[in-house]
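Student: sequence and predicted structure, then a few things I'm wondering about:
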Amino acid sequence: MNEFDVINMSKTKILIAEDNKSNQFLLKKILKDKYDFKFANNGQEAVDILKNENFHLILTVFTHAA
């Protein structure tokens, strides 16, 4: 191994802001083997989590009333 070899043994950590329980269930099934993740049920909860933890990626869905 030389100085350019990088070994990353940790999984990518994702924060998912999603209030829909069905979507949470589906995302858990898809992501569970490859990623570490945490759900926030709303934007404020996501901000509160981010005050204490670091993530590689944050996913959220923006919707608006028609």
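Tutor: Ah, there it is.

Student: mean confidence score for the longest helix that the chain contains?
Tutor: Longest helix of the chain, by residue count under DSSP state H: helix 21-31. For helix 21-31, the mean per-residue pLDDT is 94.

Student: next one: stretch 57-66
Tutor: Along stretch 57-66, the predicted local confidence has a mean pLDDT of 79.

Student: could you dump it to PDB, C-alpha only?
Tutor: Taking C-alpha atoms only, stretch 57-66 is exported to PDB below (Å, rounded to 0.1, in the frame of the first residue of the first chain):
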ATOM      1  CA  LEU A  57     -25.700  12.900   1.900                       C
ATOM      2  CA  ILE A  58     -29.000  14.400   2.800                       C
ATOM      3  CA  LEU A  59     -32.100  13.400   0.900                       C
ATOM      4  CA  THR A  60     -35.500  15.200   1.000                       C
ATOM      5  CA  VAL A  61     -38.600  15.600  -1.100                       C
ATOM      6  CA  PHE A  62     -40.100  19.000  -1.600                       C
ATOM      7  CA  THR A  63     -43.900  19.000  -2.300                       C
ATOM      8  CA  HIS A  64     -46.300  21.800  -2.600                       C
ATOM      9  CA  ALA A  65     -50.000  22.000  -2.500                       C
ATOM     10  CA  ALA A  66     -51.800  22.300  -5.800                       C
END
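
Student: what does the longest helix of the chain contact?
Tutor: 14, 16, 18, 37, 39, 61 (Cβ atoms under 8 Å, 6 or more residues apart in numbering). C-beta: built from backbone N, CA, C; applies to glycine.

Student: and stretch 13-20, by the same measure?
Tutor: When contacts are defined by Cβ under 8 Å, 6+ apart, stretch 13-20 is touched by residues 24, 27, 31, 35-43, 45-46, 49-50, 53-61.
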